[in-house]
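Peer 1: 3D model of this:
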Amino acid sequence: MPHGGKHLAMYNFGLHVAAYESPAVEGFRLREEANFEAAARAHGFIGRSGYDGMPGPACWGKQVFPRFIDGSGFATAPSSLSLWTDIESLMAFSYSGVHADALKHARHWNVKQSWPALVLWWIDADVIPEWKDGVQRLERLHDEGPSASAFTFKQSYLADGNPTMINRMRVKEIAASNAAGQSDLLAHVLTLKA
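Peer 2: Just a heads-up that it's a prediction; the model follows:
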C-alpha cells in the first residue's frame, strides 16, 4: 500500500444560491453525473460515498452537514466524501478536465464561502470514513487552521504527519493521463449551459 497503508480522505461542502431543482443551479445538476464518472475513471480514485436513498454507491454513514448550513434555509447541501491513493491524484482530478469545468462555473451556483471548501486527511486503508468524520474535520480546519489531521492542498501533510509540498509535475502527468480516458466526458460538459 502506498503511504504506509493509508488513503487520503476528502470532504467538501458548499451551499447553492437556490434550491437544487431550481434553474439557478441547473448547470451544476447537468454536470453532476459526468463529474462522478470522471472521478471513477481518474487515476488514484478509490471510491466515494453515495447519498442515502439515492441510486449509486452505498452511503458512508448518515449524511450530516457542518454548522455552516445553519441559517441557510437548506436542509441539505452539495457535499462529497471520497478516498484517493494520494494528494497528487486528487489534485489532478480536481483542477483539470471535467471537474475544472465545474469549478469555473461554481460562482454562478454557489454562495461565497466563509469556511474552507474542502478538508483532507489520511486514514487507515482498511477504514471507510463517514460523513460525520468529514464534517468534524472541516469544522476543525476552519476553527484551528491546517494540521496533519485536517489540511488543504495549499498546506498539505504526508501520511506520517510531516508537512509536504505537492509534486506539481506529477499532478500534470496524472492530469494528462486522466484526460486521455475522459475526453468524451469533457466534450459533453463543454456543451452544457453554465
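Peer 1: From residue 151, how far off is residue 116?
Peer 2: 10 Å (C-beta to C-beta, to the nearest Å). Where you see a C-beta, it was placed from the backbone N, CA and C, and this is true even at glycine.
Peer 1: and if you look at residue 26?
Peer 2: 33 Å.
Peer 1: again, but for residue 144
Peer 2: 11 Å.
Peer 1: and the closest residue to residue 160 other than its chain neighbours, how many neighbours does it have?
Peer 2: Using C-beta to C-beta, 6 or more residues apart in numbering and skipping residues adjacent in sequence, the residue nearest residue 160 is residue 4, 6.6 Å away. Neighbours of residue 4 under the rule other C-beta atoms under 10 Å: 11.
Peer 1: Helix, strand, or coil at residue 4?
Peer 2: coil (DSSP: H, G, I helix; E, B strand; the rest coil).
Peer 1: Residue 137 should be in a helix, yeah?
Peer 2: Yes: membership of residue 137 in a helix is supported by three-state DSSP.
Peer 1: In terms of pLDDT, where does it sit?
Peer 2: Looking at residue 137, its pLDDT reads 98.
Peer 1: Tell me, how many residues neighbour it?
Peer 2: 24.
Peer 1: do you know how far it is from residue 99?
Peer 2: Residue 137 is 21 Å from residue 99, by C-beta to C-beta.
Peer 1: swap in residue 125?
Peer 2: For residue 125 relative to residue 99 (C-beta to C-beta), the value is 24 Å.
Peer 1: neighbour-wise, which of these two wins?
Peer 2: More neighbours surround residue 99 than the other of residue 125 and residue 99, with 23 against 16 (other C-beta under 10 Å).
Peer 1: Does anything pack onto the strand or helix carrying residue 104? Which helices or strands?
Peer 2: Following DSSP states H and E, the helix or strand that holds residue 104 is helix 97-109. On a contact count with 3 or more C-beta pairs under 8 Å, 6 or more residues apart in numbering; DSSP states H and E, helix 97-109 meets helix 26-41, helix 87-94, helix 168-189.
Peer 1: now the angle between helix 26-41 and it, please.
Peer 2: 150 degrees (axes from the mean of the first three to the mean of the last three C-alpha atoms, to 10 degrees).
Peer 1: Only alpha carbons, please: show helix 97-109 as CSV.
Peer 2: Provided in CSV are the C-alpha atoms of helix 97-109 (Å, rounded to 0.1, in the frame of the first residue of the first chain):
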residue,chain,number,x,y,z
GLY,A,97,-10.8,18.2,-17.1
VAL,A,98,-14.5,17.8,-16.2
HIS,A,99,-14.2,18.9,-12.6
ALA,A,100,-12.2,22.0,-13.6
ASP,A,101,-15.0,23.0,-15.9
ALA,A,102,-17.5,22.7,-13.0
LEU,A,103,-15.2,24.8,-10.8
LYS,A,104,-15.0,27.5,-13.5
HIS,A,105,-18.8,28.0,-13.2
ALA,A,106,-19.2,27.3,-9.5
ARG,A,107,-19.6,31.0,-8.6
HIS,A,108,-22.9,31.0,-10.5
TRP,A,109,-24.3,28.1,-8.5
